[in-house]
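1. could you look at this predicted model? Sequence included:
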Amino acid sequence: MGFKLVFLWTDVALYVLALALAAYVWHVRRQPTLQANWKKVMLDPAALSAGVLLVLFGLVTALDSVHFRRALPPQGGQVYYDTRTMSLLDVVLARQIEMREATYSAPLGTHGISKESVNVDGQTVRQYPRLKFGGAHLQDPATEWSGDVARRVIFGLLGGAAVFALLLLAVATVLRRAHGGVAQALRDIASDRTRYPLRATAATLAVVCLLGGVLVALMNHYHVFGTDRTGNGVLYQALKSVRTAFVIGGLSTLATLPLAVVLGILAGYFKGWVDEVIQYLYTTLSSVPNVLLIAACVLMVQVFLDKNPEMFETGAERSDLKILLLCIVLGVTGWATLCRLVRGETLKLRELEYVQAATAFGVSDTRIMARHILPNVMHLVLITTVLAFSDLILYEAVLTYVGVGVDPGTSSFGGMINLARNEMNREPTVWWSFAAAFVFMVTLVLSANLFADGVRDAFDPRARNFRPRLKAGKHAAG
Amino acid sequence: MTSYLLRRLGYALLILVGVNLLTFFLFFTVNTPDDMARLNIGGKRVTQEQIDKWKAERGYDKPLYWNDKAQGREKLTQTIVWERSVSLMALEFGRSDARNAVDIGHEIKVRMGVSLQLAVPVFILQLIFSTGMAVLLVFFRHSRIDFWGVVLCVLMLSISALFYIIVGQYLFARVLRLVPISGYAPGLDAVKFLLLPVFLSLLARLGGEARLYRAMLLEEVGKDYVRTARAKGIAEHWVLLRHVLRNALIPIITSAGSYLPYVFLGSLVFESFFGIPGLGTFVIEAISGQDFAIVRSMVFLGAALYIASNVLIDLAYTWVDPRVRLT
């Protein structure tokens, strides 16, 4: 079956972001000082473990960022494409999308949560209806359910443990030369005597593998996180929300950078009236309460989108453009803080000897700013960017709640929480989509925060508290 | 001091003009007054006469930025942007664009009182609890208590405020039935409605604030005067409370002061979750009803409060640290 690749705006932006990251990694490898700083980040157990989790979330995002539209069966030589835009993640989770129930169902449930009138042998009986997919393979759920779930959980745990063991073995094999054999390397990891904090990372991975194994073992026959009002699996929604969170967190900070860095350096370098104007600009912007300014901008975007419906072929493209515009709005309204920092740093840098020397040699202003000042404010940019990432994810939830966030059609944590608000007040309480949003969001934000802390500690010159990870004399290498 | 205040006032006016032009520009580049009229009158078929009538009623029947028909100075003054800006500057907010056309100024006056009832206790308690927790963590620095305290802070700040609210409402109002789930009553009855939102908003911000203040205190702890104080034989807790805390107050005030505008504007999320009819709810309603007049007035008010609170922060510096002189 044919298909047509669809490049949504945010996809392209994410690809650009990935390319930029790759370029940065390449750049770091050539710069000893940067390399040393990043090594320091990796020496922090919390930051390294959080980084691993972020990479996993990033993989989900990457899978969810390759979009295409399937070709419909040809009619009269003309090929039409499905209006539904799918992503690779949808293909991976095809079974979960297919397992659509009528309405709410509890996690791992086999029956609906509210009674329905069912016709049994010519008599109308009020009973909890069986689910179409959740536990459909069971003959008699009442007796078989617990055994079946337990079996699957054990298989899942074993599978997860096997994957983890393979991973661990692979790492040990890589380390074997420095540690004197694979067995010794494993022992050193277990007693935390490796150069990088591998034990903590291994523990994180173990948890991920075990939970992931259980999830995979259960998810084809049960709704692990239950279903929502329209009967869609909550797990699928939570995974889709990860991409939205990444888009908001990543692209919004990216959108602040050009304005903040360029204007900040210009203000700090030229001083005088340039400085006055730029300071006026960012003071004005930051005077307006953020939510209000964003609301104002998003209202504007909304009106614009409503007025130009012909711009989009599918609903996905429309809601995608809305997310992108939201990111730009967040970027354009949020550059003041970083700009202020960059300006202050530039003011300091421009008086230093090497800049004075460059000026004395007749190097042009543009070149001084690009070659001498920009690289030296980059640590501020980096710290602010990683710190802002988690804040923005939290912010998205609030904005969506207020009604100026992402489209209701796009899955996002904010949207899930927003719906959960009413669901918690239902009878019986529907707590699972709230719980799923909570688990996924807290994991994502917490890892982003821990990673950001590690980056800040490594890159902020004021936070120089270097502690050697391994005490001297102990067997250490790798 | 007087000259400082005067200069700040001049700058504030300049910024308010900027804010005003910015919001005006934002709204009207995409949205013409005709669109706004169509949106607010509602219905499928809206005649041009209805639109003209709506515009005339609300004073939108003039050109936006430049009036070609008028003479001399009136080219500039007989425009929407001029009239609206001047009235905003005089704190005359006028009426909202929606069909019921509420008096925004009156509405703000009434609702600000309600918002203050929620926000003032939160602000004060926040300062006390966060500083208290930070001092405690610093007192036990480099120990297990400090480590787990910081872990707790990071965990708490990674949880969205929305989660605190939903769980809190479910637990305290639905399961334990200690307080009403939402709503508001004037007078003393308000206490029982405000208890839960105050508690939850303290909880939601405690982690982030305490960690921030802890970092500020730690920066001070490393300084020479602290060592001197210890060398004189002062007990550690007095060193922290009398010397370190006093000197860390400036960054603490700066960070707490940035919340001041929200003390008056109210919290969007908390007010609307708990059905408290303050300014936060007002804004949310305006946003969902796309009422530009209200949003613009609130943006203006927010900016004015922000500038005022910055001046207040500066004044607080002189009170905390007599060496600071405002010139």
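-> Thanks, I have the structure now. Numbers count the residues shown, from 1 in each chain, chains lettered A, B, ... in the order given.

2. chain B contacts on the stretch 201-350 of chain A?
-> Contacts of the stretch 201-350 of chain A with chain B, taken as Cβ under 8 Å from any Cβ of the partner chain, map to A:280, A:283-289, A:291-293, A:295-297, A:299-300, A:302-304, A:307. C-beta: built from backbone N, CA, C; applies to glycine.

3. where's residue B:3, which helix or strand?
-> For residue B:3, the element it lies in under DSSP states H and E is helix B:2-30.

4. centre of the chain to that helix, how far?
-> In terms of Cα atoms, centre = their mean, to the nearest Å, the centre of helix B:2-30 is found 17 Å from the chain centre.

5. which elements pack onto it?
-> helix A:272-287, helix A:290-307, helix B:80-89, helix B:292-320 (3 or more Cβ pairs under 8 Å, 6 or more residues apart in numbering or on different chains; DSSP states H and E).

6. what about 10 Å?
-> helix A:272-287, helix A:290-307, helix B:33-41, helix B:80-89, helix B:292-320 (3 or more Cβ pairs under 10 Å, 6 or more residues apart in numbering or on different chains; DSSP states H and E).

7. of all those, which lies closest to residue A:328?
-> When the helices and strands packed on helix B:2-30 are compared by Cβ to Cβ, helix A:290-307 sits nearest residue A:328, at 8.8 Å.

8. next, residue A:119: secondary structure please.
-> Following DSSP: H, G, I helix; E, B strand; the rest coil, the label given to residue A:119 is strand.

9. was I right to think it contacts residue A:129?
-> No - with contacts defined as Cβ atoms under 10 Å, residue A:119 does not count as touching residue A:129, sitting 11.4 Å away.

10. who has more neighbours out of these two?
-> Each of residue A:119 and residue A:129 has its neighbours counted (other Cβ atoms under 10 Å in any protein chain shown); residue A:129 has more, 17 against 8.

11. any idea which helix is longest in the chain?
-> Reading this off chain A. Counting residues, the longest helix in chain A under DSSP state H turns out to be helix A:141-179.

12. to clarify, I was referring to chain B.
-> Counting residues, the longest helix found in chain B (DSSP H) is helix B:104-139.

13. buried sites along that helix?
-> Neighbour-count burial for helix B:104-139 flags B:104, B:107-108, B:111-112, B:114-119, B:121-123, B:126-127, B:129-131, B:133-135, B:137-139 (criterion: 16 or more other Cβ atoms under 10 Å in any protein chain shown).

14. can you name every helix or strand that that helix contacts?
-> helix B:144-157, helix B:190-221, helix B:236-238, helix B:245-257, helix B:260-265, helix B:268-273, helix B:279-288, helix B:292-320.

15. shaky segments in the stretch 351-478 of chain A?
-> Applying pLDDT under 70 to the stretch 351-478 of chain A flags the ranges A:462-478.

16. now swap in the stretch 201-327 of chain B and tell me
-> B:327.

17. chain A contacts on that one?
-> Counting by Cβ under 10 Å from any Cβ of the partner chain, the positions of the stretch 201-327 of chain B adjacent to chain A are B:208, B:211, B:215, B:218-219, B:258, B:261-262, B:265, B:267-269, B:272-273, B:280, B:283-284, B:286-288, B:290-292, B:295-296, B:298-307, B:310.

18. just the buried members of these?
-> When these are checked against 16+ other Cβ under 10 Å, the ones flagged as buried are B:208, B:211, B:218, B:261-262, B:265, B:267-269, B:272-273, B:280, B:283-284, B:286-287, B:290-292, B:295-296, B:298-307, B:310.

19. so residue A:335 makes contact with residue A:290?
-> No - using Cβ under 10 Å, residue A:335 is not in contact with residue A:290; the gap is 11.9 Å.

20. and those two? Which one has more around it.
-> Comparing residue A:335 with residue A:290 by neighbour count (other Cβ under 10 Å), the higher total belongs to residue A:335, at 26 against 16.

21. pull the contacting residues for the more buried one.
-> By Cβ atoms under 10 Å, 6 or more residues apart in numbering or on different chains, the contact set of residue A:335 is A:253, A:255-264, A:281-282, A:285-286, A:342.

22. what do you get if the cut-off is 8 Å, keeping everything else the same?
-> Shown in contact with residue A:335 (Cβ atoms under 8 Å, 6 or more residues apart in numbering or on different chains): A:256, A:259-260, A:263, A:282, A:285.

23. okay if I get those residues as TSV plus neighbour count?
-> Listed next are those as TSV, based on neighbours: other Cβ atoms under 10 Å in any protein chain shown:
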residue	neighbour count
A:256	26
A:259	20
A:260	27
A:263	22
A:282	21
A:285	22
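
24. between the residues you listed, which is nearest chain B?
-> Distances from chain B to the contacts of residue A:335, taken as Cβ to the nearest Cβ, are shortest for residue A:285 (7.7 Å).

25. so how far is chain B from the nearest residue to the closest one once chain neighbours are set aside?
-> Among residues not flanking residue A:285 along the chain, residue A:336 sits closest, at 5.2 Å (Cβ to Cβ, 6 or more residues apart in numbering or on different chains). Here the distance between residue A:336 and chain B works out to 12 Å (Cβ to the nearest Cβ, to the nearest Å).

26. was I right about residue A:336 contacting residue A:288?
-> No - Residue A:336 is beyond contact range of residue A:288, at 10.1 Å (criterion: Cβ atoms under 8 Å).

27. residue contacts, residue A:363?
-> Each residue near residue A:363 by Cβ under 8 Å, 6+ apart is listed here: residue A:371.

28. what strand or helix carries it?
-> In the assignment (DSSP H and E), residue A:363 maps to no helix and no strand.

29. residue B:323 - how many residues pack around it?
-> Each residue near residue B:323 was counted by other Cβ under 10 Å, and the total is 7.

30. what's the spacing between it and chain A?
-> Distance, residue B:323 to chain A, by Cβ to the nearest Cβ: 21 Å.

31. in the stretch 1-150 of chain B, what residue comes closest to chain A?
-> Closest approach between the stretch 1-150 of chain B and chain A, counting by Cβ to the nearest Cβ: residue B:18, at 3.9 Å.

32. contact partners for the most centrally placed residue in chain B?
-> In chain B, the centroid-proximal residue (Cα atoms, centre = their mean) is residue B:262; its distance is 1.9 Å. Neighbour list for residue B:262: A:289, B:119 [criterion: Cβ under 8 Å, 6+ apart].

33. how close does it sit to residue A:52?
-> Counting by Cβ to Cβ, to the nearest Å, the gap from residue B:262 to residue A:52 is 37 Å.

34. cool, and residue B:7?
-> For residue B:7 relative to residue A:52 (Cβ to Cβ), the value is 53 Å.

35. looking at those two, which is more packed in?
-> A direct count of neighbours by other Cβ under 10 Å for residue B:7 and residue A:52 places residue A:52 higher, at 17 against 12.

36. the more buried one sits in which helix or strand?
-> Following DSSP H and E, one finds residue A:52 within helix A:45-63.

37. so that helix, near chain B or not?
-> No - shown here: helix A:45-63 not in contact with chain B (Cβ under 8 Å from any Cβ), separated by at least 8.8 Å.

38. tilt between that helix and helix B:144-157?
-> Relative orientation of helix A:45-63 and helix B:144-157, computed by axes from the mean of the first three to the mean of the last three Cα atoms, to 10 degrees: 20 degrees.

39. for helix A:45-63, which positions count as buried?
-> Residues of helix A:45-63 classed as buried: A:45-54, A:56-58, A:60-63 (neighbour count, 16+ other Cβ under 10 Å).
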